[in-house]
Structure formats: structure tokens, C-alpha cells
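**Student:** Give me a 3D structure for the following:
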Amino acid sequence: MRIQQSLMFLCALAAGGAAQSPDGAAARAAALDPRVMLEYASFDPNVAVPQVPAALRAGADVNLHILQFFATPTDADRAAVRQAGGVIRGYLPHDCHLVEADGSGQSLRALEGVRWVGPYEPAYRLEPALLKELARGQAPQRRYNLVMADKALRMRVEFGCANANGHGARCGPLTDSFSGSSALGATFQFEVADATPNFFAILGLGTATSAPYPFDLSLLGWTNCTSFAPSTASFNVATGPTGAAAYALSVPNNPMLTGARVYGQWLNLDTSEPGNLTFSGLTRMICGSDL
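**Tutor:** Residues are numbered from 1 along each chain as shown. Next up, the predicted model:
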């Protein structure tokens, strides 16, 4: 596949795909990692929760909660949530559901197997770049995309312009990064360091995330490793003498791709790691205008 065609191919696959409902996800064993994994922060809620600016905290009228179980939630767990009056709105790693429930979620805390219940803060739903601007008091006038569902309970504010960031923790030495631009007509580069020198690393690319992803790979033998998104295409990229590699992706200059997302994660054969594989964190690019 030519690099010029890669993004259009990925976007076409995404258009024909169907997200898997959290209710339909097969049950799996408990994750070894107790953290709640958000783009805003990753944290163990029984140790500490992240600080949130006062203006971006959930008010008394916000009734969307993060509900974390001690083990991977089962159909029986979800049935108990509904019986307690909750409405499941989504999934978060590890072992969490987003649940709409009246009040402070006290009825959810009493359920068997529940580890923690906390508010789904408005700050958790904003793009990192916008959070930085708000912290400086500099949210400029521009076109924003508001993605809303279920009467705005799950609202996300996103830029209509190009953006990229890293997410999630690696296992082993692989370090992901990026360069270039995801603006329409530009070239974006997925990069990795500390792979096996003079060998190759594998880059998996996808265009969507849905349950059961992110998927804990520990039970398959890759300790503390996570697959963050399903791959619709993969590429073998040669590494240099320092173990660095890069893959350039040309973004077509097509306005219909504004807001399109591509998720990239590297993996590498490494006999010094459990299961002989190591995985990087996730790089996410969003196509858009170059403002």
C-alpha cells in the first residue's frame, strides 16, 4: 500500500466499521492495573484522584459517574447497575463503566464488587490543548466541534484544527513520539525509539477505539502491556543502529477528513521482555486545518 493512500484506506475502513457495545463485550479476568485510564490523567482512585479546576468540576446537576469494579464487569454486574437505577453509557479502562445515575451515585456504591464511584468531571472530556488554553485564560475564537449524545451527558469539545498527542503507558523500552503535522495536505510521522537495533518494529494503525479496548495483555503473557486500539493496518519499519524508526503518513488535502482520527501503537520483538514482545504507548493524530 502506498503511503499516500494509507489514510484514505484507514478512514474508509472506519466508515464501514461498527463500534462494539460495552454490554456485548466478552467478560475477561481482572486487570492487574487498578488505574482509571483517561486522557486527562491515569490514576488509582483509591490512592488519589487528579486535581480539577473549580470551573471544570461536576456540579450538583451532573449525574454521570465513573463506576470501577474490582474485576472486569460481567453481564451480572451490568444487570445490577440497571436494577439500581443506573444507565450504562460507555466503558473506560480499567474495569470501569460510565453510568448515568441520580444524585451522587450512592446507590451504585452499595453494589457488590464496586471498587470506586466518582464524578465524570467536565475537565475529563476536554482536549488537552484546550485545557491548557483555558488554564491561561486564552480560549480563542475558532470553530469547535461539539460531539454530543444522550442529551449532552457525554459532551466532548474538540478542535476543528489539526492536533496530536500521546496517551497511555508503555511496557518495556519502546518510546513512541511524533513529528510533522496532521493538517490536511501535510505529512505526519509516527516515531519510536529504543526498539531492537538493526531489526524492525511493527506499527499498528487504526481509526477507532471501542470496548474492549484498551485491552490488558497481561493475561496473554505480556505483563503490564496494553493494546490501546484495534489495528486496521500494520507496517514493518526497519530500525537503525540506535533502535529508532519512523513511518511517514501523508494526509490527503480533503476537507471531508477534518476530525478524522488515526491511532498508532508500536510493538517490537524483544527476548528480554515477558512474552518476547514489548509495546509502546499510543499516538493519536486528528486531521484538520492548520490554524
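**Student:** ok, the residue nearest to Gly172 when sequence neighbours are not counted - contacts?
**Tutor:** Among residues not flanking Gly172 along the chain, Thr278 sits closest, at 3.0 Å (CB to CB, 6 or more residues apart in numbering). For the C-beta atoms, the positions are set from N, CA and C on the backbone; glycine is no exception. Counting by CB atoms under 8 Å, 6 or more residues apart in numbering, Thr278 makes contact with 170-174, 225, 267-268, 270.
**Student:** residue ranges with poor pLDDT in the chain?
**Tutor:** Scanning the chain for pLDDT under 70 picks out 1-31, 61, 138-161, 290-291.
**Student:** Show me where it has its helices.
**Tutor:** 3-16, 75-83, 106-109, 128-136 (DSSP state H).
**Student:** so how far is Arg115 from His94?
**Tutor:** 10 Å (CB to CB, to the nearest Å).
**Student:** Pick out whichever of these two has more residues nearby.
**Tutor:** His94 (21 against 16; other CB atoms under 10 Å).
**Student:** Verify the stated contact: the more buried one with Pro34.
**Tutor:** Yes: shown here, His94 and Pro34 form a contact pair, counting by CB atoms under 8 Å, at 6.8 Å.
**Student:** I'd like to know how far Thr207 sits from Asn236.
**Tutor:** From Thr207 to Asn236 the distance is 20 Å (CB to CB).
**Student:** For the two, indicate the residue with more neighbours.
**Tutor:** Neighbours per residue, other CB under 10 Å: of Thr207 and Asn236, the larger number sits with Thr207, 22 against 11.
**Student:** Verify the contact between Ser179 and Gln189 for me.
**Tutor:** Yes: counting by CB under 8 Å, Ser179 touches Gln189, with 4.8 Å between them.
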